[in-house]
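Asks: Give me the fold of what follows.
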Amino acid sequence: MKFELNSTDQNSKARAGILSTDHGQIETPIFMPVGTSATVKGVHQRELKNDINPDIILGNTYHLYLRPGTELLQQAGGLHAFMGWDKPILTDSGGYQVYSLSANRKIKEEGVKFKSHIDGSYHFFTPERAVEIQRAIGADIIMAFDECTPYPCEYNYAKSSMERTHRWLKRCFEADKALPQLFDYEQTLFPIVQGSGYSDLRKESAHFIASMEAPANAIGGLSVGEPADEMYAMTDEVCAVLPEDKPRYLMGVGTPINLLENIALGVDMFDCVLPTRNARNGMLFTAEGTINIKNKKWENDFSPIDPAGYCFADLDYTKAYVRHLFTVNEMLGKQIATLHNLSFYLWLVREARKHILVGTFSTWKAKMVRQMEPRL
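Replies: Model prediction:
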């Protein structure tokens with residue numbers, strides 16, 4: 001994997017680059033649609049490839065491990081072949097489940113014991129096992145096993161959790177070196193900065209992660225309930241430490257405004273379930289603000305949901321029609337909303353890249369943030 005930095009904005013820390021993998025190039029900044037269970041929910045592969053056309057998507061290790069299982073994925077030739085996707089894939093490590101499944105897990109130095117949300121069966125993830133599972137799934141980018149602490153988090157726990165994450169990281173790298181290559185392409189391990197909302201811990205963790213000299217670095221443990229200003233402050237401090245010549249991935253973030261503000265701080269890669277999950281609940285993101293398409297005010301609005309034409313080219317349905325689909329609980333409404341939101345997110349980061357390359361990012365970003373703030 002290689003990263004080429006093309007341009008840096010003169011009035012911010014925003015960067016445009018190209019991340020090259022064996023499954024293709026990724027132009028940064030980039031948003032990665034989340035394909036939890038070998039699919040981006042509600043989106044046909046044809047639409048994903050031809051209309052949204054992301055450079056990379058994300059899969060969830062925990063869910064893919066439970067169903068369909070790594071044995072079946074290996075039989076299929078890996079996740080790419082199984083789901084018919086020939087571009088890059090990133091998998092998380094399962095570490096986020098340490099956070100999200102807090103009632104059904106137990107953390108030890110050796111690893112984490114999980115209770116399956118499907119059938120109640122118990123499973124044990126160690127750093128070594130998390131790397132092994134991701135290798136078997138076949139992602140181009142695999143993530144180190146870490147603990148995502150909750151917010152708020154007591155300082156001493158945040159510190160001990162961060163230190164355990166660092167110890168786990170060493171074990172991840174050792175396992176990654178020892179495991180045989182299963183596919184005819186490179187798989188690259190990303191480490192993750194932790195430290196909750198504490199400046200000194202974030203800096204300490206960032207220095208430790210940078211010392212591992214990985215090809216890229218990730219920032220975890222944010223967008224878990226903290227105020228946006230705190231997220232930006234932690235991101236800014238971490239990006240000041242992480243190497244400039246390597247991509248930076250902010251995990252699980254966020255709203256369209258979050259993306260632009262963090263791009264301005266030097267982040268290159270993002271993922272989040274927000275555009276797809278909120279779409280299924282009727283929330284549409286646009287350049288003019290956020291729409292709750294289920295509201296009665298759209299009942300007689302025959303204007304397109306994308307009047308500016310900045311995203312999905314064939315998505316010319318009216319607000320009234322999409323609201324009707326939600327009112328009668330027709331699945332097409334959720335599909336249209338999902339296509340719209342993903343298209344908007346990809347349009348947004350690609351526009352950011354264009355403005356970084358021509359030197360107008362900061363002015364454009366300030367305008368877009370103001371435009372996107374209203375709830376319409």
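Asks: Could you use CA atoms for every contact and neighbour count after this?
Replies: OK.
Asks: Can you show me the strands along the stretch 1-150 of the chain?
Replies: Secondary structure of the stretch 1-150 of the chain (DSSP state E, counting those that start in this stretch): strands located at 2-8, 15-21, 24-28, 30-32, 34-35, 57-59, 89-91, 105-107, 112-115, 122-125, 141-143.
Asks: who touches the fourth one?
Replies: The set of residues that contact strand 30-32 without belonging to it, under C-alpha atoms under 8 Å, 6 or more residues apart in numbering, is 54-58, 268-272, 345-346, 349-350.
Asks: ok, now the third one?
Replies: Contacts of strand 24-28 from elsewhere in the structure, counted by C-alpha under 8 Å, 6+ apart, are 15-20, 55-56, 87-88, 268-269, 349, 353.
Asks: which neighbours does it have in its sheet, and in what orientation?
Replies: For strand 24-28, the paired strands and their directions (DSSP bridges) read strand 15-21 (antiparallel).
Asks: For the strand it pairs with, list every residue counted as buried.
Replies: By neighbour count, with 16 or more other C-alpha atoms under 10 Å as the criterion, the buried positions of strand 15-21 are 15-19, 21.
Asks: How far away from the center of its chain is it?
Replies: Strand 15-21 has its C-alpha centroid displaced from the chain centroid by 16 Å (C-alpha atoms, centre = their mean, to the nearest Å).
Asks: Quick one: residues in contact with that strand.
Replies: Residues outside strand 15-21 that contact it (C-alpha under 8 Å, 6+ apart) are 1-9, 25-29, 88, 140, 186, 247, 263-264, 266-268, 353, 356-357.
Asks: Return the members of those classed as buried.
Replies: 3, 8-9, 25-29, 88, 140, 186, 247, 263-264, 266-268, 353, 356-357.
Asks: Looking at the strands of the stretch 1-150 of the chain, which is nearest to A158?
Replies: With respect to A158, and counting by C-alpha to C-alpha, the nearest of the strands of the stretch 1-150 of the chain is strand 105-107 at 13.8 Å.
Asks: by contact count, what packs against that closest one?
Replies: Using 3 or more C-alpha pairs under 8 Å, 6 or more residues apart in numbering; DSSP states H and E as the contact criterion, the secondary-structure elements in contact with strand 105-107 are strand 112-115.
Asks: so where's the longest helix in this protein?
Replies: Selection of the longest helix in the chain by residue count, based on DSSP state H, yields helix 331-358.
Asks: heading toward the C-terminus, what's the first helix or strand past that helix?
Replies: Moving toward the C-terminus from helix 331-358, the next helix or strand (DSSP states H and E) is helix 361-372.
Asks: State the mean pLDDT of that following helix.
Replies: For helix 361-372, the mean per-residue pLDDT is 97.
Asks: For it, buried residues please.
Replies: Taking 16+ other C-alpha under 10 Å as the basis for neighbour counts, the residues of helix 361-372 that come out buried are 361-362, 365, 368-369, 372.
Asks: Which residues does it contact?
Replies: Counting by C-alpha under 8 Å, 6+ apart, 9, 11-12, 14, 256-257, 260, 264, 286-290, 352, 355 sit against helix 361-372.
Asks: Now do it: distance to the chain's middle.
Replies: Helix 361-372 sits 22 Å away from the centroid of its parent chain (C-alpha atoms, centre = their mean).
Asks: Can you verify my assumption that R164 contacts E110?
Replies: No: under the criterion of C-alpha atoms under 8 Å, R164 lies out of contact with E110, with a separation of 9.8 Å.
Asks: Which of those two has more residues huddled nearby?
Replies: The residue with more neighbours, out of R164 and E110, is R164; 17 against 13, by other C-alpha atoms under 10 Å.
Asks: now that one, nearest residue through space, not along the chain?
Replies: Spatially, and ignoring its direct neighbours in sequence, R164 is nearest to E109 (7.1 Å; C-alpha to C-alpha, 6 or more residues apart in numbering).
Asks: how near is the one you found to E213?
Replies: Remark: distance between E109 and E213 (C-alpha to C-alpha, to the nearest Å) = 24 Å.
Asks: and the two? which has more neighbours close in?
Replies: A direct count of neighbours by other C-alpha under 10 Å for E109 and E213 places E213 higher, at 13 against 10.
Asks: and the more buried one, which of the three is it?
Replies: Each residue gets one of three states, and E213 gets coil by DSSP: H, G, I helix; E, B strand; the rest coil.
Asks: where's it relative to T165, distance?
Replies: In this structure, E213 and T165 are separated by 16 Å, where distance is defined by C-alpha to C-alpha.
Asks: Repeat that for A16.
Replies: A16 sits 30 Å away from T165 when distances are taken as C-alpha to C-alpha.
Asks: try R105
Replies: 16 Å.
Asks: Among those two, which residue is more densely surrounded?
Replies: For R105 against T165, the residue with the higher neighbour count under other C-alpha under 10 Å is T165, and the figures read 26 against 19.
Asks: thinking L58 is in contact with W85, fair?
Replies: No: taking C-alpha under 8 Å as the contact criterion, L58 and W85 are not neighbours in contact, 11.4 Å apart.
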